[in-house]
Structure formats: C-alpha cells, structure tokens
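Peer 1: Okay, predicted coordinates and the sequence, questions at the end:
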Amino acid sequence: MREAHQEAVARVSEERLWRRLMEMARIGAIPGNGVNRAALSKEDIAARKVLIGWARERNFEVGADAIGNLFVRRPGEDRAAAPVMTGSHMDSQPRGGRFDGIYGVLAALEALEAMDAAQVKTKRAVELVAWTNEEGGRFPPCTMGSAIYTGARRLDEFLDVKDNEGIALRDALAQTLAATPGLAQRTLQTPAAAYIEAHIEQGPLLENAGKTIGVVTGIQGLRWFNVEVFGKTDHAGTTPLALRQDALRSSIQIIHALHELTRDASDTVRFTVGRMLVTPNSPNSVASHVLFSVDVRHPDPVTIDRLGKSVEPTARKAAVPCAIKVTPTLHDDPCVFDSRVVDAVERAANELWLPSMRLASGASHDAMYMARVCPTGMIFVPCEKGVSHNEAENAKPADLAAGARVLTAALLELANQ
Ligand code: GLV
Ligand code: MN
Ligand code: MN
C-alpha cells in the first residue's frame with residue numbers, strides 16, 4: 001500500500017466512528033437498545049440532518065436526488081472522472097438494531113474524513129451515498145433508493161405505495177426533501193466507477209470462524225409479493241363455517257401451501273411472511289380482506305426462478321373459497337460481485353493483517369442494484385451471534401473500525417484507477 005494511503009488508513013478513528021454510531025442510535029431509539037427509524041419518517045429526517053451537518057463540517061458537498069438518496073462528495077483531481085461510491089442506508093426495521101445500514105454510511109464518512117485528514121489526493125472523487133428506504137419495512141419493497149437510482153425501477157412506480165397508516169410515499173418523500181433544503185440536485189443514473197458497501201454480516205459465519213473481515217462475493221436472489229385475499233365479513237357467532245368466505249382462514253391455507261412449496265432438506269431456501277394487514281380486524285367479525293407479504297430467497301438462479309413462478313399458482317389453489325390477487329413487488333436474481341472489487345477488498349484486508357474470509361450475503365443490499373451498473377463489492381464485519389433485524393443487534397467497536405480501514409484502503413485503490 002502506498003505511504004499516503006497508509007497515512008489515510010491510520011486516520012480512521014474507532015472512537016469517532018463509535019461515537020457517531022451511538023449518536024445516530026439515539027434517533028428513533030426503542031427499548032432493548034434498538035432503533036425504529038422508518039424510511040422518510042421524522043426520525044429519518046433527523047438522521048439525515050445529523051449526517052449533512054457532519055459532512056458540512058468538513059466542507060464536503062452534499063446532494064440529493066429525486067428519491068431522496070443523499071450524496072456526500074470528496075472531489076478528485078480529475079473532475080470529469082466518474083466517482084467511486086460507497087455507502088449504505090440510514091432507515092431501519094421497525095424493531096431494528098443500531099448497526100444495520102447506518103454502519104456502512106458512517107464507515108463511508110469515516111473513510112472520507114480519514115482521506116481528508118491525511119490530505120491524500122485521489123484521481124476520482126470518492127462519494128458517500130445514503131440510500132433511501134433500503135429496508136422497505138414502511139414502504140415496500142426494500143432497496144428502493146438504489147433500484148430507482150440505477151434505473152432498474154422508476155420513481156413513479158412507488159409514489160402511491162402506502163404505509164400501514166395510509167400515508168403515501170409521495171407525501172413522506174416531499175416532506176423529507178423539504179426538511180433538508182439547500183442540497184445540490186443530483187440526477188439519477190450518474191455513472192459510477194465502482195461501489196463498495198460496508199455492513200455488519202447479519203449472520204454468524206465470521207464470528208464462528210474468528211474472522212474480522214468478510215470479503216463478500218455476491219448476494220442471493222429474492223422475490224417479493226403482496227398477496228391479497230378477498231372474502232366477506234360476517235358475524236362470528238351466527239354464520240356457519242360452511243357458509244363463510246373467511247379471508248384469514250384462506251390466508252392460513254395459502255401460507256401453509258407456500259411452506260410446503262419451499263420445504264427444503266438442506267435449509268437453503270428462505271421463506272418469510274412478515275407483514276399482514278387484516279380487515280376489519282375485529283375478534284367477532286369474519287375477515288373480509290387480508291394483505292400479506294411473501295419473501296422467498298435462494299442463491300441458485302434456477303431454483304429462485306422456479307419458486308418465484310410457483311408462488312401465484314400455489315396460492316390460488318389454496319385460496320378456495322376466496323378470490324386472491326398476487327402482485328410481485330421485487331424480482332432480484334442472485335448477483336455475483338466483480339472480481340476487481342472483491343480482490344481489492346481482500347487485498348486491503350491482507351495488507352492490514354486482518355483475518356478475512358470470502359462469503360456470500362444472505363441479506364439483500366443496495367449493492368445488488370449497483371452491481372448492475374458498475375463493479376461492486378461489499379465488506380462485512382462480525383455481529384454478535386449473527387443477530388440482526390432485532391433490537392439486540394450488536395458489534396464490536398474494534399471490528400467496525402477494522403471494516404472502515406479496509407473500506408478506506410480499497411476505496412483509495414479504486415479511486416486511483
Ligand atoms: C434487507 O434488509 C433484506 O431484507 O435483506
Ligand atoms: Mn442493511
Ligand atoms: Mn436490514
């Protein structure tokens with residue numbers, strides 16, 4: 001590693017990174033050490049303001065695009081060259097932890113700070129991105145900001161998506177953008193030379209293997225659906241079961257059939273129904289309408305395709321006597337990261353004498369969409385017992401800082417190519 005790059009890596013501050021993580025963890029804090037910072041909520045706005053403040057202290061230019069993705073830029077020497085990008089997301093699950101997403105944003109800021117403190121020059125700009133609505137917990141689907149940024153999806157496909165309170169994404173987005181005025185306007189699909197995302201692993205492999213750095217090779221495929229079941233509301237005490245069209249009972253039949261469809265002795269398939277809205281949601285009324293989510297994942301493209309195609313016919317057969325509507329909301333094939341970025345991450349870990357291993361990601365990340373438009377990779381650091389999407393999510397300050405050092409070194413390599 002060049003001396004100037006070593007100097008920058010040495011400026012990564014474990015103390016500052018941890019302090020900032022804990023400051024962000026106070027925004028939307030929930031009992032049990034967790035965080036509830038839904039996309040485009042007042043907590044998300046507060047987190048955005050804090051990030052913008054830190055970026056401006058260093059005089060970094062801050063921009064935003066039409067879906068509210070935030071960009072923090074440290075210029076390079078060649079103003080015409082596409083930037084190397086790095087980042088993650090600041091929104092959380094409703095009962096999320098203190099590290100999922102926000103770590104990758106603050107590790108990216110740490111890398112920018114360290115480069116600046118060391119006064120290291122890069123050919124390309126290095127640009128932090130905080131993607132809007134990665135989690136999709138409030139406004140499904142997940143990885144929305146990067147899907148729109150990369151042109152895989154259009155913004156207008158999502159403007160009418162409503163949260164559980166009936167608030168449309170269009171209004172929450174307008175409110176969020178209005179709350180953070182004065183940002184440079186960023187156009188969608190601006191080319192990037194490369195993208196690296198740092199993230200906690202969200203699984204137990206690194207911890208079990210005693211490794212500090214995960215060199216991520218790709219992400220498994222996934223399919224999301226909204227299943228709507230249409231029944232008829234009736235009196236719970238008087239209507240004979242044989243005469244009912246019970247939307248909740250049909251939903252249970254469908255979910256059971258989908259469990260059978262996804263049964264897998266090797267335990268590789270992931271199948272989750274995590275969200276359900278029942279109408280009228282009263283103990284003594286038969287349900288007239290149910291909406292539930294389906295999340296299916298698998299690393300093999302053929303298997304995920306087969307499973308994805310089987311969801312609707314399986315659900316339809318099991319729904320009797322109710323009618324159903326199945327709407328696909330996300331269709332992501334497995335992705336394999338570019339060897340140039342994977343190798344750069346591995347090289348950085350080796351040069352910093354950090355024990356590393358290659359692994360694939362079970363969770364989805366915005367890196368999946370960036371991989372469609374530029375060479376992309378990810379850096380994982382261990383989290384305690386692999387727990388994530390849970391208030392108890394935890395990680396060690398030293399591991400988080402190690403990930404930020406690897407990120408800094410790998411970014412510097414790529415930003416000079
Ligand atoms: C992202 O949080 C995912 O659902 O994998
Ligand atoms: Mn995440
Ligand atoms: Mn997550």
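Peer 2: Received the coordinates, thanks. Ligands and ions are numbered 1, 2, ... in the order given.

Peer 1: okay, CA-based contacts and neighbour counts for the rest of this
Peer 2: Will do.

Peer 1: burial count for K325?
Peer 2: 15 (other C-alpha atoms under 10 Å).

Peer 1: unless I'm mixing things up, it is touching F225, no?
Peer 2: No. The criterion here is C-alpha atoms under 8 Å, and K325 misses it with F225 at 10.0 Å.

Peer 1: and the residue nearest the centre of the chain, which of the three is it?
Peer 2: Of all residues in the chain, the one closest to the mean position by C-alpha atoms, centre = their mean is E134, 3.8 Å from it. Three-state assignment for E134 (DSSP: H, G, I helix; E, B strand; the rest coil): coil.

Peer 1: Is whichever residue of the stretch 151-300 of the chain sits closest to ligand 2 bridged to anything, and to what?
Peer 2: Proximity of the stretch 151-300 of the chain to ligand 2 (C-alpha to the ion) peaks at H199, 6.8 Å away. With DSSP bridges applied, H199 shows beta-bridge pairing to F380.

Peer 1: Could you tell me how many residues sit around the closest residue to G136 other than its chain neighbours?
Peer 2: Excluding the flanking residues, the one nearest G136 by C-alpha to C-alpha, 6 or more residues apart in numbering is C142, at 3.8 Å. Number of residues near C142 (other C-alpha under 10 Å) recorded here: 21.

Peer 1: Could I get the phi/psi values of C142?
Peer 2: Taking degrees, to the nearest 10, you get phi -80, psi 170 for the backbone angles of C142.

Peer 1: ditto for S88
Peer 2: Per degrees, to the nearest 10, the backbone of S88 is at phi -170, psi -140.

Peer 1: May I have the predicted confidence score for the residue in the chain that ligand 2 sits nearest to?
Peer 2: Across the chain, no residue is closer to ligand 2 than G101, which sits at 4.1 Å (C-alpha to the ion). At G101, the model reports a pLDDT of 98.

Peer 1: what's the answer for A247, then?
Peer 2: 98.

Peer 1: give me every residue that touches the closest residue to it other than its chain neighbours.
Peer 2: Spatial nearest neighbour of A247, excluding adjacent residues (C-alpha to C-alpha, 6+ apart): G231 at 4.6 Å. Neighbouring residues of G231 by C-alpha atoms under 8 Å, 6 or more residues apart in numbering: Q245, D246, A247, A287, S288, H289, C322, A323.

Peer 1: Check the burial of the third one by counting its neighbours.
Peer 2: Read that as A247. A247, neighbours per other C-alpha under 10 Å, totals 29.

Peer 1: That one contacts F292, doesn't it?
Peer 2: No. The pair A247 and F292 does not pass the contact test of C-alpha under 8 Å, sitting 11.1 Å apart.

Peer 1: quick revisit: ligand 1 versus the residue of the stretch 151-300 of the chain closest to ligand 2, what's the distance?
Peer 2: 11 Å (C-alpha to the nearest ligand atom, to the nearest Å).

Peer 1: swap in D267?
Peer 2: 17 Å.

Peer 1: ok so that residue is a strand residue?
Peer 2: No. Counting by three-state DSSP, D267 is not part of a strand but coil.

Peer 1: In three-state terms, label S364 for me.
Peer 2: Applying three-state DSSP: S364 is coil.

Peer 1: got the contact list for it?
Peer 2: Taking C-alpha under 8 Å, 6+ apart, one finds T143, I219, Q220 in contact with S364.

Peer 1: rerun that using 7 Å as the cut-off
Peer 2: Residues near S364 by C-alpha atoms under 7 Å, 6 or more residues apart in numbering: I219.

Peer 1: Let me see the confidence value for it.
Peer 2: So, for S364, pLDDT stands at 98.

Peer 1: now swap in M1 and tell me
Peer 2: pLDDT at M1 comes out at 86.

Peer 1: any idea how far it lies from A404?
Peer 2: 16 Å (C-alpha to C-alpha, to the nearest Å).

Peer 1: higher neighbour count, these two?
Peer 2: A404 (30 against 13).

Peer 1: so how far is P181 from the residue nearest to that one when sequence neighbours are not counted?
Peer 2: In space, and not counting its chain neighbours, A404 is closest to A107: 4.9 Å by C-alpha to C-alpha, 6+ apart. According to C-alpha to C-alpha, A107 and P181 sit 25 Å apart.

Peer 1: Comparing the two, which shows the higher neighbour count?
Peer 2: Taking other C-alpha under 10 Å, A107 and P181 do not tie; A107 has more neighbours (34 against 10).

Peer 1: and the contacts of G231, which of them are in helices?
Peer 2: A247 (DSSP state H).

Peer 1: tell me which parts of the stretch 301-417 of the chain are close to ligand 1?
Peer 2: Near ligand 1, the residues belonging to the stretch 301-417 of the chain are A363, S364, H365 when assessed by C-alpha under 6 Å from any ligand atom.

Peer 1: With the chain instead?
Peer 2: Residues of the chain lying near ligand 1 (C-alpha under 6 Å from any ligand atom): E135, A363, S364, H365.

Peer 1: Any idea how many residues pack against K42?
Peer 2: Residues near K42, counting by other C-alpha under 10 Å, number 17.

Peer 1: let me redo that: R263
Peer 2: Residues near R263, counting by other C-alpha under 10 Å, number 14.

Peer 1: element containing the residue of the chain most remote from its centre, please.
Peer 2: Distance to the chain centre peaks in the chain at T238, reaching 46.9 Å (criterion: C-alpha atoms, centre = their mean). Applying DSSP states H and E as the criterion places T238 outside every helix and strand.

Peer 1: Count the residues that sit near L412.
Peer 2: 30.

Peer 1: Please enumerate the strands of the stretch 201-350 of the chain.
Peer 2: 213-219, 221-230, 270-272, 276-279, 289-298, 323-332, 335-336 (DSSP state E, counting those that start in this stretch).

Peer 1: can you list the residues that contact the fourth one?
Peer 2: In other words, strand 276-279. Applying C-alpha under 7 Å, 6+ apart, the set of residues contacting strand 276-279 is A287, S288, H289, V290, L291, F292, S293.
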